[in-house]
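Enquirer: build me a model:
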Amino acid sequence: MQVLLRVLCSVCFIISSGWANDREVRASVSLGHSGTLEIISPSSRQDIANLITDSLLQAQAEMFTLLGTAIPIQTSVHLLHEETFFSVTKAPKWTNALFVNGKILIPLMKKGVDRDSITRSARHEFFHAVTHELTRGRLQGWLDEGLAQWFEGPKLSVLDVILRKWLVVEDPIPLSLLQGGFTRLETKKVAAAYAQSLYASEFLVSRFGMTALRNYLLLLGTDVSRDKAFKNSFGVTETQFELLLNNSLAEYKNRSNSIRR
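Expert: Now for the predicted structure:
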């Protein structure tokens, strides 16, 4: 990770030869009392830069509503040629964006840009940026990734399909394996990890409420231990929550089997 951060700081924002005729454009946008957002992009893709800017300004307003407080944040979005993105980050090829070292990195694919997909990716990573600042990077991976997917926009129906197929042949992925980012997981587990994390996050909120979630996120930004913050906010330990979650996933699997019959 240290090597990756050094590389990011030195070269990842240099436009690759694929953008030889492009100039780099930087635009700073005020988030009011919540800080500043900088968008760095090739001049030929200002339409995408503007799209992402508008989307993240809306996302910032939604985060304020969700948390009930403004989170001062200084972050930047870097739109990179896909070859530069994967060369510099060494990320798996399924990656469509990353939040690293306080920066949001998004590849611009040669095959073209899906506007809905790229705004979802930007909102996803922006959520990580805000929660990282709010919780001092202490939010467990499954909840961070699950909430970030929820924050993207309307739920993707394919996630239900992925989770059902996984549960037919495998047990739920232990939350102990989902405490960090998912880029180091076995490839076969990645899609299921995202789908299960979203399910777990939605289950947590439906069971304990949004106020409890908000309290937990705010407590993580203090000196309270993560275990104590979880128990104080939700009334159960994370281990006890996992037992509740696994029971719910078993019911979900059984309902899915009944529907197929």
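Enquirer: check which helix or strand Tyr252 maps to.
Expert: Using DSSP states H and E, Tyr252 maps to helix 238-260.
Enquirer: that helix: which residues count as buried?
Expert: 238, 241-242, 245, 248-249, 252-253, 256 (16 or more other CB atoms under 10 Å). C-beta: built from backbone N, CA, C; applies to glycine.
Enquirer: farthest-separated two in those residues?
Expert: Glu238 and Ser256 (25.7 Å; CB to CB).
Enquirer: can you give me the strands for the chain?
Expert: Using DSSP state E, the strands of the chain run over 24-30, 35-42, 73-81, 98-100, 103-108.
Enquirer: could those go into a markdown table alongside distance to Thr135 and mean pLDDT?
Expert: Formatted as a markdown table, the strands of the chain follow (distance: least, CB to CB, whole Å; pLDDT from 0 to 100):
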| stretch | distance to Thr135 | mean pLDDT |
| --- | --- | --- |
| strand 24-30 | 24 | 92 |
| strand 35-42 | 16 | 92 |
| strand 73-81 | 12 | 92 |
| strand 98-100 | 13 | 93 |
| strand 103-108 | 17 | 95 |
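Enquirer: may I see those organised as CSV, with mean neighbour count and distance to Asp116 added?
Expert: Shown next, in CSV, are the strands of the chain (neighbours: other CB atoms under 10 Å; distance: least, CB to CB, whole Å):
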stretch, mean neighbour count, distance to Asp116
strand 24-30, 13, 21
strand 35-42, 20, 18
strand 73-81, 21, 16
strand 98-100, 21, 19
strand 103-108, 22, 14
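Enquirer: which of those sits closest to Val224?
Expert: Closest to Val224 of these, according to CB to CB: strand 73-81, at 21.6 Å.
Enquirer: got the angle for the closest one vs strand 24-30?
Expert: Per axes from the mean of the first three to the mean of the last three CA atoms, to 10 degrees, the angle that strand 73-81 makes with strand 24-30 is 150 degrees.
Enquirer: run the chain-centre distance for strand 73-81.
Expert: A distance of 14 Å separates the C-alpha centroid of strand 73-81 from that of its chain, computed with CA atoms, centre = their mean, to the nearest Å.
Enquirer: strands paired with that strand, and their directions?
Expert: strand 35-42 (parallel), strand 103-108 (parallel) (DSSP bridges).
Enquirer: okay then, goodbye and thanks.
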